[in-house]
Structure formats: C-alpha cells, structure tokens
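Trainee: coordinates only, sequence not included:
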C-alpha cells in the first residue's frame, strides 16, 4: 500500500462491493482478491475485509430504516444466533485456506441460481410472514450455521440468507435484505474481534475500504426499496452466476 492510487481504488471497489452486498451478496469475492493484490496475506485480507463489512451493514441498516423497513426483533434473534456461530467460524478461518473450498462454494452458488429461477413465485400479498414459533426456532438454528460460514469467509452467504428468509419466512426480498444486513452486522462484530485478537486486521486499509462500502450500502439500501423485489431478483441471478463462474474458473 505504497502507491497513492491504491487509496481511491479501495474506495471505488468498496462502493461497488457495498452495493452488491446490500442488494444481493457475494461482494467479498471482489474485495478479497483486491486486498490480496494490494499485498495483504490472505488471512489478513479476510480479517481486514470485516472492518468494511461492519461499517457497510451499519449504514445499510440505517438506510433501510430511513425508508421504514425493519424486522425488529426477529432480525436480532437471528443475529445473536449467527453471532455464536461466527465466533467458531472465525477461529477456523485464522489458519485455513483452500482452492477446493472455492469449487464447493461455486456449486452452492449455481444451486442458488437454480432455486431462484425455478422456485415457484410466492404471492406475498396473500401470505403472512412467518416470524414466530417453529419458524423462529428453525431460523435461529439455521442462522447459527450461517454464522459459522460467515465467520469463516462470508463470501456469497447473503444469497443463501435471502433465499431462506424469502421462502421459509415468506418475507419480500426487500424485507429479506433489511433483515440480512442487521444479522450480518451483529455476527460480523464477533468475527472482526477474533481476527483483531489474532492481529490479522490492517485497520488503515480496512477503514479506507469502509468509506466505499458504507457509501455503496447506504445508496443500495434506499435504491432497492424504491425498485422493489423485481429488481432485486434480477440482480441476484446475475451476481450469483458471475460469482460462481469466478470461483470455478478463476479461483
């Protein structure tokens, strides 16, 4: 990080990543290679990326709330469960890397595309959200395991969370997004703490990246509410295909 142009590059990349992460997911599959390209070891890049995601999700949450979209306290229950899982995943990530994992993730991403394309469309106007009882308990269990993966690497998890919230809890994609960013904010605090304790965070680079991430997230959160579910679904499909292709052929 000795060249002056690295800093505006980080802000620009961060803006794009913040937008992608807020509307769909998978933005870390862009930011992590950039951080490694700029000279950070892979585990430090993984930890540093968490700084930007914490800022990104905080501003995305504020953006959704400014548009009147909130799922409190359901989002907090899921977030606390994911927080516990994230602590475990982050400890694993401190020492683990692997190309095979990227191949597995690519298969997961392509499976997500098939689910998005071929799953029957829910007419949410005539269906009530399912946020209590067995659906709440099932959600907290699933999000614990989501948290483990989120603590480990996080890339692409937004896709899976949104699909779960949409089809299991019957949330619109906009409300799924609003829930997702709160959950990620909560569990990312645990992951960031683990990386920081192990001295695997470059705070200067992370905060510069966070300027872009946060700006992109604020814009995306308000923009996606305005555009609605149709825009989000198209964006989801495009991003999942792009990320899966990158993971399979260019990992």
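Mentor: Sure, I can see it. All values derive from a computational prediction rather than experimental measurement.
Trainee: if I look at residue 171, how far off is residue 11?
Mentor: To residue 11, residue 171 is 32 Å away according to C-beta to C-beta, to the nearest Å. Yep, even glycine has a C-beta here, placed from its N, CA and C like the rest.
Trainee: with neighbour numbers in mind, choose between those two.
Mentor: residue 171 (24 against 16; other C-beta atoms under 10 Å).
Trainee: which non-adjacent residue is nearest the more buried one?
Mentor: The shortest distance from residue 171 to any non-neighbouring residue, by C-beta to C-beta, 6 or more residues apart in numbering, is to residue 165 (4.7 Å).
Trainee: repeat that for residue 183.
Mentor: That would be residue 79: by C-beta to C-beta, 6+ apart, it lies 4.4 Å from residue 183.
Trainee: can you list the neighbours in contact with the helix or strand encompassing that neighbour?
Mentor: Assigned by DSSP states H and E, residue 79 belongs to helix 74-93. For helix 74-93, the surrounding residues in contact (C-beta atoms under 8 Å, 6 or more residues apart in numbering) are 43, 46, 131, 136, 139-141, 143-153, 169, 178-179, 182-191, 193-195.
Trainee: the residue nearest to residue 171 and residue 196: what is the separation?
Mentor: Residue 165 sits 29 Å away from residue 196, going by C-beta to C-beta.
Trainee: now for residue 54, how many residues are close by?
Mentor: Neighbours of residue 54 (other C-beta under 10 Å): 20.
Trainee: list the contacts of it.
Mentor: When contacts are counted by C-beta under 8 Å, 6+ apart, residue 54 touches 185, 188, 189, 192, 210.
Trainee: next one: residue 173
Mentor: Residues in contact with residue 173 (C-beta under 8 Å, 6+ apart) are 162, 166, 229, 232, 233, 236.
Trainee: out of these, which sit inside helices?
Mentor: Among the contacts of residue 173, the members found in helices (DSSP state H) are 162, 166, 229, 232, 233, 236.
Trainee: any idea how far residue 158 is from the third one?
Mentor: Counting by C-beta to C-beta, the gap between residue 229 and residue 158 amounts to 16 Å.
Trainee: try the fourth one
Mentor: Using C-beta to C-beta, residue 232 is found at 11 Å from residue 158.
Trainee: what sits in contact with each of the two?
Mentor: Taking C-beta under 8 Å, 6+ apart as the contact rule, residue 232 and residue 158 both touch residue 24.
Trainee: of these two, who's got more company?
Mentor: The residue with more neighbours, out of residue 232 and residue 158, is residue 158; 28 against 21, by other C-beta under 10 Å.
Trainee: helix, strand, or coil at that one?
Mentor: When classified by DSSP: H, G, I helix; E, B strand; the rest coil, residue 158 comes out as helix.
Trainee: in this structure it contacts residue 180, no?
Mentor: Yes. The pair residue 158 and residue 180 qualifies as a contact (C-beta atoms under 8 Å) at a distance of 5.8 Å.
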